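[1] coords please:
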Amino acid sequence: MAALVLWLAAGIASAAQVRGRVDFYGPSGVFPMVNAQVMLCAAPGACPAATVTGADGMYYLQIPPGNYLLVINGMTKQQLQVPNVPLFDVPPLPGNR
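    Numbering: from 1, shown residues only. Below you'll find the model as predicted:
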């Protein structure tokens with residue numbers, strides 16, 4: 001049992017928090033996109049981390065270091081290489097373009 005707890009603690013310690021913002025581009029300007037679906041996928045259909053954006057358009061995901069596709073509202077937006085760091089920031093991305 002103790003080995004399982006140590007293994008779980010080691011897995012949590014090596015996960016990075018990935019955070020970023022999704023923007024909505026409209027005729028009257030750029031605004032934070034609320035309730036955008038954000039996923040990090042290791043391969044198509046294999047998405048170990050998912051969330052939705054808040055009122056500020058921000059998302060926060062915990063994931064182990066590695067290579068992922070950032071998918072917003074079903075559209076692949078960017079390939080990410082998440083390093084072994086506690087916090088990894090992604091620049092703002094459009095959710096509707």
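[2] so residue 23: helix, strand or coil?
    Here residue 23 is recorded as strand under DSSP: H, G, I helix; E, B strand; the rest coil.
[3] I'd assumed residue 95 was in contact with it.
    Yes - contact criterion CB atoms under 8 Å: residue 23 and residue 95 qualify, at 6.5 Å. Where you see a C-beta, it was placed from the backbone N, CA and C, and this is true even at glycine.
[4] and those two? Which one has more around it.
    Neighbours per residue (other CB atoms under 10 Å) separate residue 23 from residue 95, with residue 95 holding more: 23 against 19.
[5] name the element the residue nearest to residue 71 when sequence neighbours are not counted belongs to?
    In space, and not counting its chain neighbours, residue 71 is closest to residue 39: 4.4 Å by CB to CB, 6 or more residues apart in numbering. Following DSSP states H and E, one finds residue 39 within strand 37-41.
[6] follow-up on the earlier one: for the residue nearest to residue 71, list each beta-bridge partner.
    Taking DSSP bridges as the rule, residue 39 bridges to residue 50, residue 71.
[7] quick check: residue 50 touching residue 38?
    Yes - using CB under 8 Å, residue 50 is in contact with residue 38, at 6.9 Å.
[8] and the pLDDT at residue 43?
    pLDDT, residue 43: 85.
[9] next, give phi and psi for it.
    The phi/psi pair for residue 43 (degrees, to the nearest 10) reads phi -160, psi 160.
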